[in-house]
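# next comes the sequence, and after it the predicted model I'd like to discuss.
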Amino acid sequence: MSDHVQLDLPIVLPNVPDAEDACVDRLTRSLRAQEGVSKAHVVAATNGEPDRLCIHYDPDAISLPRIRQRARNLGTELTDQYGHLSWAVRGISHSRRVRTISGDCVRTAPTRQTACQNTAHRRRR
């Protein structure tokens, strides 16, 4: 028998800008690897509601409180390990300028940068 629970994604991963972020994929992969979890995915936002993390699990193998706690713990681990940076910029009128600025930021960053920047690497320096 299978059951499922949905958690607000911004609560589990508070700094993630959207469901397409690499940390969301890391979270769902980690949850699927948990004993008793058969599926983990994101349900897209509707009617002004946030994206929701949906976890399908076997209640005979893992309890609902345990699966909620595990999702929160994994979210905390990912938040601690990866940083997210976003900023608003005015006055950029052409997409080529956006690519130039983005490219400059990546080239001058002290560590490898993706959608989630690994902050653990910077701590070791």
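Received it, and whenever you're ready, just let me know what you need.
# in the protein, which spans are helices?
Secondary structure of the chain, counting by DSSP state H: helices at 9-12, 22-32, 64-81, 95-108, 119-124.
# residues making contact with the shortest one?
What it means is helix 9-12. For helix 9-12, contacts defined as Cβ atoms under 8 Å, 6 or more residues apart in numbering pick out 16, 19, 24, 27, 42, 50-53, 71-72, 74-75. Just so you know, the C-beta spots here come from the backbone N, C-alpha and C atoms, and that holds for glycine as well.
# relative to G91, which of the residues you listed is nearest.
V16 (27.0 Å; Cβ to Cβ).
# pretty sure that closest one contacts H84?
Yes: using Cβ atoms under 8 Å, V16 makes contact with H84 at a distance of 6.4 Å.
# quick one: common contacting residues for these two?
Common neighbours of V16 and H84 (Cβ under 8 Å, 6+ apart) are C23.
# these two: who's more crowded?
The residue with more neighbours, out of V16 and H84, is V16; 23 against 16, by other Cβ atoms under 10 Å.
# what sits closest to the more buried one if chain neighbours are left out?
Ranked by Cβ to Cβ, 6 or more residues apart in numbering and with sequence neighbours excluded, the top spatial neighbour of V16 is C23, at 5.4 Å.
# near that neighbour, how many other residues are there?
C23 - counted by other Cβ under 10 Å - has 21 other residues nearby.
# repeat for S93
8.
# before we move on, back to that, dump the contacts of helix 9-12 to a markdown table, plus pLDDT and distance to P65.
Listed next are the contacts of helix 9-12 as a markdown table, based on pLDDT from 0 to 100; distance: Cβ to Cβ, whole Å:
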| residue | pLDDT | distance to P65 |
| --- | --- | --- |
| V16 | 88 | 24 |
| A19 | 91 | 25 |
| V24 | 96 | 23 |
| L27 | 97 | 19 |
| V42 | 97 | 22 |
| P50 | 94 | 22 |
| D51 | 95 | 23 |
| R52 | 96 | 18 |
| L53 | 97 | 16 |
| A71 | 97 | 11 |
| R72 | 96 | 11 |
| L74 | 96 | 15 |
| G75 | 95 | 16 |
